[in-house]
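Enquirer: for reference, the sequence and a predicted model appear below.
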Amino acid sequence: MKISTICTFLLLFTFQLRAQTVEELLSQKKPTCREVLINASSVIPDLYRQHSLDSLEKAITFIDASCPEVQEVFYLRTLLNIERPSILMPKTIDSNFIDKLNSYALMLPLLKKQGAQVYNAYEYKLILFIQQWATDLLKKKRLSSDETFLCDVLAGNIKSPERELRANKEKYPQLYALLKQGDINDRNSSSFTSAFIIGAWKPTSDLKVLGTHPSLGISFGGRSKTDELDLTLQFKFINSKNSYDILRQNTIYNIDHFFGGYIGLDYSKYFIHKTSYELGWLAGAGYDGFDVANSSDYNTNNDYLKPLSINSFNINTGLRFNYFFKSRSFIALQSRYNFINYGNKGGTSLHGDAVTIDFLIGINSRRYY
């Protein structure tokens with residue numbers, strides 16, 4: 001047989017083997033996340049009992065690749081990093097670390113109460129193993145305070161990790177630093193925002209005849225680090241301090257009814273922005289008005305009172321101060337001057353503007369975890 005023939009044969013044979021290998025690779029069935037977790041619920045505890053840390057690392061890495069969204073992988077890797085003498089704290093964790101611990105602590109009471117009725121049997125088994133592993137680690141004297149904290153959380157001994165860290169920041173310096181970084185990230189990121197509003201509406205000039213009125217409302221919108229845009233809805237109530245005249249159907253009526261409202265877009269620009277507080281300029285534009293009679297008067301065909309409301313365009317500006325008692329929860333105080341022009345032709349003069357002072361309690365939505 002010629003050398004060239006032999007080389008051609010070997011080349012074709014090699015190509016055939018390579019083609020078969022590719023076909024086999026393409027036809028291999030990738031295990032589902034559920035299948036991986038079912039096996040992991042038995043394999044992981046066995047490897048732990050054998051104290052095979054390298055194999056545990058490979059197993060956890062494989063689970064992470066197959067089930068990237070499963071939180072149990074995070075808890076297992078945390079315990080493995082503490083178990084290894086050379087790695088006392090995970091090196092790649094970020095500020096979401098504390099939120100994952102919070103999620104775990106919230107899950108445990110439900111797990112204890114309803115167990116496998118809520119969770120799949122394999123997840124339930126993994127979580128029980130995580131608790132046991134953390135409990136075993138707590139018996140070791142070489143743990144740092146931060147590691148002890150992590151194990152206490154995963155063992156179920158700490159019910160509110162975030163509250164514990166804020167109350168003992170000197171005791172857990174590394175973890176508290178992560179918590180503060182999370183606060184900063186939350187404060188600097190874009191988010192949805194909503195708030196409940198309680199305040200007071202105080203008129204000026206001739207409009208003082210209506211008196212000061214309490215107000216209630218809500219706002220919701222979105223914000224970035226220093227800019228916020230909200231849709232605000234507020235209601236003013238309690239009858240007028242003094243009676244006033246309105247002209248309807250060529251007749252003057254003296255009344256004291258008052259129920260007002262404001263709907264508008266409010267923009268805030270924060271020129272002082274800190275982790276726990278911020279101060280900014282506020283400007284808004286919307287529709288303002290109040291009813292001179294109950295809507296029931298309209299429904300009973302009291303046409304003599306129509307139109308039932310006196311309205312005005314509202315342009316306002318002022319200041320807003322927010323204080324964040326948590327990374328996303330805040331209380332706020334805002335004051336603004338409202339330029340309005342209530343028209344009451346033929347009746348009591350209602351020329352004047354209004355000053356509003358509002359107290360808000362609200363929350364900015366979490367980014368993602």
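Expert: That came in fine, so what should we check first? Please read these numbers as outputs of a predicted model, since none were measured by experiment. Residues are numbered from 1 along each chain as shown.
Enquirer: got any ranges where this structure has weak pLDDT?
Expert: Counting by pLDDT under 70, the chain shows low-confidence ranges at 1-28, 85-95, 114-119, 295-303, 366-369.
Enquirer: domain ranges for it?
Expert: 33-186, 190-364 (automatic domain parsing).
Enquirer: adding mean neighbour count, write these out as a markdown table.
Expert: For every residue, glycine as well, the C-beta is placed using N, CA and C. As requested, these are exported to a markdown table (neighbours: other CB atoms under 10 Å):
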| stretch | mean neighbour count |
| --- | --- |
| domain 33-186 | 16 |
| domain 190-364 | 16 |
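Enquirer: just checking, residue 294 touches residue 257?
Expert: Yes. Here residue 294 reaches residue 257: they are 6.9 Å apart, a contact under CB atoms under 8 Å.
Enquirer: residue ranges of the strands in the stretch 151-300 of the chain, please?
Expert: 191-203, 213-223, 227-236, 244-248, 251-255, 259-273, 277-291 (DSSP state E, counting those that start in this stretch).
Enquirer: break down the stretch 51-200 of the chain into its helices, ranges please.
Expert: Taking DSSP state H, counting those that start in this stretch to define them, one finds helices in the stretch 51-200 of the chain at 53-66, 71-83, 97-114, 121-138, 145-155, 161-167, 173-188.
Enquirer: now these as JSON lines including distance to residue 321?
Expert: Listed next are the helices of the stretch 51-200 of the chain as JSON lines, based on distance: least, CB to CB, whole Å:
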{"stretch": "helix 53-66", "distance to residue 321": "44"}
{"stretch": "helix 71-83", "distance to residue 321": "38"}
{"stretch": "helix 97-114", "distance to residue 321": "27"}
{"stretch": "helix 121-138", "distance to residue 321": "43"}
{"stretch": "helix 145-155", "distance to residue 321": "34"}
{"stretch": "helix 161-167", "distance to residue 321": "22"}
{"stretch": "helix 173-188", "distance to residue 321": "15"}
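Enquirer: these: which one's closest to residue 41?
Expert: Distances from residue 41 to each of the helices of the stretch 51-200 of the chain were compared by CB to CB, and the smallest falls on helix 121-138, at 4.0 Å.
Enquirer: name the residues that touch the closest one?
Expert: When contacts are defined by CB atoms under 8 Å, 6 or more residues apart in numbering, helix 121-138 is touched by residues 34, 37-38, 40-42, 44-45, 48, 72, 75-76, 79, 82-83, 107-108, 111, 115-116, 119, 143, 147-148, 150-156.
Enquirer: quick one on the thing from earlier: dump the strands of the stretch 151-300 of the chain to CSV, plus distance to residue 124.
Expert: Output for the strands of the stretch 151-300 of the chain, formatted as CSV (distance: least, CB to CB, whole Å):
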stretch, distance to residue 124
strand 191-203, 34
strand 213-223, 38
strand 227-236, 43
strand 244-248, 69
strand 251-255, 67
strand 259-273, 45
strand 277-291, 44
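Enquirer: and of those, who's closest to residue 166?
Expert: strand 277-291 (16.6 Å).
Enquirer: what's the following helix or strand after the helix or strand hosting residue 335?
Expert: Assigned by DSSP states H and E, residue 335 belongs to strand 329-339. The helix or strand immediately downstream of strand 329-339 is strand 354-364, counting by DSSP H and E.
Enquirer: just the angle for that next one relative to strand 227-236, thanks.
Expert: 120 degrees (axes from the mean of the first three to the mean of the last three CA atoms, to 10 degrees).
Enquirer: pull up the pairing partners for strand 354-364, direction included.
Expert: According to DSSP bridges, strand 354-364 has the following sheet partners: strand 191-203 (antiparallel), strand 329-339 (antiparallel).
Enquirer: give me the angle between the longest one and strand 259-273.
Expert: Put simply, strand 191-203 runs at 120 degrees to strand 259-273, going by the same axes, to 10 degrees.
Enquirer: with just CA atoms, put strand 191-203 into PDB.
Expert: Written as PDB, here are the backbone C-alpha positions of strand 191-203 (Å, rounded to 0.1, in the frame of the first residue of the first chain):
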ATOM      1  CA  SER A 191     -36.000  53.200  41.000                       C
ATOM      2  CA  PHE A 192     -39.700  53.600  41.200                       C
ATOM      3  CA  THR A 193     -41.000  55.700  44.200                       C
ATOM      4  CA  SER A 194     -44.200  56.100  46.000                       C
ATOM      5  CA  ALA A 195     -45.400  58.000  49.100                       C
ATOM      6  CA  PHE A 196     -48.300  58.800  51.300                       C
ATOM      7  CA  ILE A 197     -48.800  62.500  51.900                       C
ATOM      8  CA  ILE A 198     -50.400  64.400  54.800                       C
ATOM      9  CA  GLY A 199     -50.300  68.200  54.900                       C
ATOM     10  CA  ALA A 200     -51.900  71.600  55.200                       C
ATOM     11  CA  TRP A 201     -53.100  74.100  52.600                       C
ATOM     12  CA  LYS A 202     -52.900  77.700  53.700                       C
ATOM     13  CA  PRO A 203     -54.300  80.400  51.300                       C
END
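Enquirer: great, nothing more from me.
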